[in-house]
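Trainee: Below are the sequence and a predicted model for it; my questions follow.
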Amino acid sequence: MLEVQNLSMRFGGLLAVDGVNLDVQEREIVSVIGPNGAGKTTVFNCLSGFYTPTGGKILFEGKEVQGKPDYKISRLGMVRTFQHVRLFNQMTVVENLLVAQHRHLNTNLLAGLIKTPNYREREKKSLDRAAYWLNRVGLLDLANRDAGNLAYGQQRRLEIARCMVTEPKLLMLDEPAAGLNPAETKDLNQLIVSLKEDYNVSVLLIEHDMSLVMDISDRITVINQGRPLASGTPAEVRQNDDVIKAYLGEA
Amino acid sequence: MATHNFKHALFCAIVTIIIAYPILGLNLVAQGTTVGLEGATPGTVISVILAAVVVFLFQLFRDNIMTSLGKLPKLNPLSGREPMPQAKRVKMESWVLTGIIVLALFWPFFVSRGSVDLATLVLIYVMLALGLNVVVGLAGLLDLGYVAFYAVGAYTFALLSQYFGFTFWMALPIGALLAALFGLMLGFPVLRLRGDYLAIVTLGFGEIIRILLNNWTAVTGGPNGIGGIPEPTLFGMEFGRRVKEEGNTSFHETFGIAYSGEHKVIFLYLIALVLAVITALVIRRLMRMPVGRAWEALREDEIAARSLGMSRTAVKLSAFTIGAFFAGFAGTVFASKQGFISPESFVFLESAIILAIVVLGGMGSQVGVILAAIAVTILPELAREFSDFRMLVFGAAMVLMMIWRPQGLMPMRRIHIELKQQE
Ligand SMILES: Nc1ncnc2c1ncn2[C@@H]1O[C@H](COP(=O)(O)OP(=O)(O)OP(=O)(O)O)[C@@H](O)[C@H]1O
Ligand SMILES: [Mg+2]
């Protein structure tokens, strides 16, 4: 469903991403790994429309999307989380999920002002959907708290729930396990697998936690200093000499 | 620390003298055909030196003064209390508001005509401030040309009545919609600008509208303005002594009461009151609708909001347009109240005053904005002798507020949507 060909991104003299190829099929978990500063987040920023790539093609469901504005790409069904959590901190947990459903709501002003039955029904549906996902990520009890007051691991899960209420086809997670304790990482592992198994969502994952990556990925792409280094199944990547060198060299 | 303070204070005092002496002390006087310079009188010199001493002392003890100012809120007996639970707070707020509205309904029948007139002006400012509050307080867009939309509303009514004989009730929706249309047209190109740039462009727009009104003499009458703008009618009943329009009746004859000029003033006040209440209610509702949440989300974290499929332009444009709509409302009422309008009424100072009301009242907070509108309109009237110092007092009040209560008189408290736990 997603195909990235020869993607490159240049910042002035720095070629942060250079000729990266990627593809994600339906119901697949693909991971992007690489040392710090390899250009992983930059790839995400290009895919999600935050940057216009300086070269290459991005095809989502057969259509070229490179250079489209971010909100349009998100509406196509490619939604992302951020390496540094970005919640609406002053809003409550449930309101974060309502904001995300902006498009599913009846945004007709008059309908809202006089509360037509259709408006009420949609509002109720979006509250139900929010409640469903809060329950799914274990935050239902905290629904009416300010999002900014949640613990770090809870904020990460809320960010994923916020993506899921938009009913995406492809979910892009930027280091979702960063800062989580082992138990939380295990929950996250199960959650991501369930997104694929139960909700038919494809997942593109950036992650440094190797055991998580090796465990859940169907395929892995390794990039180093902006250039693609290797790609294949977890077993193949684990045995790849270049990858071992890059990771050992870094350490 | 102390020497640094001393140096700084000395510097400030010297700057005070350098600035104040030529401005206050030196006078240009005509001496025959030439112009001569006259030195300061001893009185001025003394006051300039006195001012410098005050500045010096303030700067020297600045830290102490500021910390004691910071302690002031503790004098407020309510400051330390626990915030009320939301349900209770909302209930109390609506009771208080209902009480105020009921009071406002009956109040004009017991006071003088001048007070009612002033109250109408207050209500116009309340409408303007509530509308600007959407743009600045809720959507976080600094709009310095808001008065342009007010002007559009007022001139729409004035022109429609002059050229096509429109009445107040016909012009009211048209004025508001036309102002909204202007908001839409202006917003489209400028909303991709951020912060300061947006402020400057909107400022320019406000001036363009005013200058256009001033110079398009053939249509707008230029600086002479437009007069003879009709008052509102009540189901075709006019409030004048004699009926001006064919087919209308007059209010006092229909009800068989003696003519009184007060009827008209009170009626206009009641219209302004109803419109202000509608404005407040509509905006209150909008805040809890998807648009309201979108404004807030975009203000809080634009990148996150966009990553969820929210179009920045569309959301900001909606705030801008809705704000402009209510300014158009207010403009129509204003034109009808004055009976005469000219570009004079729509200078930048008006924008600044409306913005000051929003900031003083507490961005985003409705009750705060209403209180501030009352204060800003009525205080200068009460202290007419000081009218020369109006701007000075205004500026001082703003500075003090920013130090002491930067969040405004009554900072906004969000009304959250609660998720009821399912059984
Ligand atoms: N907007 C930008 N302007 C200039 N350089 C940038 C920009 N964004 C990223 N870079 C540079 O691009 C390179 C890749 O950064 P990127 O954030 O994509 O790395 P990463 O693989 O996500 O690293 P990490 O694992 O630490 O998150 C870095 O050298 C970074 O400094
Ligand atoms: Mg990164």
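Mentor: Right, received. Where do you want to start? In this text, all values refer to a predicted model and were calculated from it rather than measured experimentally. Ligands and ions are numbered 1, 2, ... in the order given.

Trainee: The residue in the stretch 101-250 of chain B that ligand 1 sits nearest to: how many residues sit nearby?
Mentor: Nearest to ligand 1, among the residues of the stretch 101-250 of chain B, is B:R194, at 17.1 Å (Cβ to the nearest ligand atom). Heads up, the C-betas are built off the backbone N, CA and C, glycines and all. Look at B:R194: counted by other Cβ atoms under 10 Å in any protein chain shown, it has 11 neighbours.

Trainee: per-residue confidence for it?
Mentor: At B:R194, the model reports a pLDDT of 76.

Trainee: cool, the one 4 residues further on as well?
Mentor: Residue-level confidence at B:L198 comes out at 86, pLDDT.

Trainee: could you dump the one helix or strand it maps to to CSV, C-alpha only?
Mentor: B:L198 is located in helix B:195-215, with elements delineated by DSSP states H and E. C-alpha atoms of helix B:195-215 as CSV (Å, rounded to 0.1, in the frame of the first residue of the first chain):
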residue,chain,number,x,y,z
GLY,B,195,2.3,36.1,14.8
ASP,B,196,3.8,39.4,14.2
TYR,B,197,3.4,39.4,10.5
LEU,B,198,-0.3,38.6,10.8
ALA,B,199,-0.7,41.5,13.3
ILE,B,200,1.0,43.9,10.9
VAL,B,201,-1.1,42.8,7.9
THR,B,202,-4.4,43.1,9.7
LEU,B,203,-3.3,46.5,11.0
GLY,B,204,-2.8,47.5,7.5
PHE,B,205,-6.1,46.2,6.4
GLY,B,206,-7.9,48.2,9.1
GLU,B,207,-6.2,51.3,7.8
ILE,B,208,-7.0,50.5,4.2
ILE,B,209,-10.7,50.3,4.9
ARG,B,210,-10.7,53.5,6.9
ILE,B,211,-8.7,55.4,4.2
LEU,B,212,-11.0,53.9,1.5
LEU,B,213,-14.1,55.2,3.4
ASN,B,214,-12.4,58.5,3.8
ASN,B,215,-11.5,59.0,0.2
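
Trainee: Who are the packing partners of the helix or strand where B:W95 lies?
Mentor: B:W95 is part of helix B:86-106 when elements are defined by DSSP H and E. Using 3 or more Cβ pairs under 8 Å, 6 or more residues apart in numbering or on different chains; DSSP states H and E as the contact test, the elements touching helix B:86-106 are helix B:261-287, helix B:366-382.

Trainee: What are the buried residues along stretch B:221-231?
Mentor: Using 16 or more other Cβ atoms under 10 Å in any protein chain shown as the test for burial, stretch B:221-231 gives B:G221, B:G225, B:I226, B:I229, B:P230, B:E231.

Trainee: How about stretch B:105-114?
Mentor: Buried, per 16+ other Cβ under 10 Å, within stretch B:105-114: B:W107, B:P108.

Trainee: Might you calculate how far that stretch sits from the centre of the chain?
Mentor: 23 Å (Cα atoms, centre = their mean, to the nearest Å).

Trainee: Can you measure across that stretch, start residue to end residue?
Mentor: Taking Cα to Cα, to the nearest Å, stretch B:105-114 runs 16 Å from one end to the other.

Trainee: Also stretch B:160-172?
Mentor: 11 Å.

Trainee: How about residues contacting that stretch?
Mentor: Applying Cβ atoms under 8 Å, 6 or more residues apart in numbering or on different chains, the contact partners of stretch B:160-172 are B:156-157, B:174, B:226, B:228-233, B:329, B:332-333, B:336.

Trainee: Reformat the residues you listed as CSV; add secondary structure, pLDDT and distance to B:Y163.
Mentor: Formatted as CSV, the contacts of stretch B:160-172 follow (DSSP: H, G, I helix; E, B strand; the rest coil; pLDDT from 0 to 100; distance: Cβ to Cβ, whole Å):
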residue, secondary structure, pLDDT, distance to B:Y163
B:T156, helix, 93, 11
B:F157, helix, 92, 11
B:I174, helix, 94, 13
B:I226, strand, 85, 10
B:G228, coil, 76, 12
B:I229, coil, 80, 12
B:P230, coil, 78, 13
B:E231, coil, 77, 18
B:P232, coil, 75, 19
B:T233, coil, 70, 19
B:F329, helix, 91, 21
B:T332, helix, 93, 16
B:V333, helix, 93, 20
B:S336, helix, 89, 17
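
Trainee: out of those, who's nearest B:T44?
Mentor: Closest approach to B:T44 among the contacts of stretch B:160-172 (Cβ to Cβ): B:I226, at 44.5 Å.

Trainee: which residues does that closest one contact?
Mentor: B:I226 neighbours (Cβ under 8 Å, 6+ apart): B:Y155, B:A158, B:L159, B:Q162, B:T220, B:F340, B:I341, B:S342.

Trainee: Surely the third one is in contact with B:V219?
Mentor: It stands for B:L159. Yes. Using Cβ atoms under 8 Å, B:L159 is in contact with B:V219, at 7.0 Å.

Trainee: Tell me which of the two has more neighbours.
Mentor: B:L159 (19 against 13).

Trainee: is it true that A:V30 touches A:I216?
Mentor: No. A:V30 is beyond contact range of A:I216, at 10.4 Å (criterion: Cβ under 8 Å).

Trainee: if I look at the two, which residues touch both of them?
Mentor: Taking Cβ under 8 Å, 6+ apart as the contact rule, the neighbours common to A:V30 and A:I216 are A:L205.

Trainee: Name the nearest residue to A:G77, ignoring sequence neighbours.
Mentor: Nearest residue to A:G77, sequence neighbours excluded (Cβ to Cβ, 6 or more residues apart in numbering or on different chains): A:K169, at 3.7 Å.

Trainee: so which of the contacts of B:I226 would you say is closest to B:D117?
Mentor: For the contacts of B:I226, the nearest to B:D117 is B:F340 (14.4 Å; Cβ to Cβ).

Trainee: A:N108 versus the closest one, what's the distance?
Mentor: Computed as Cβ to Cβ, to the nearest Å, the B:F340 to A:N108 distance reads 39 Å.

Trainee: ditto for B:M289
Mentor: 10 Å.

Trainee: Nice, that's everything, thank you.
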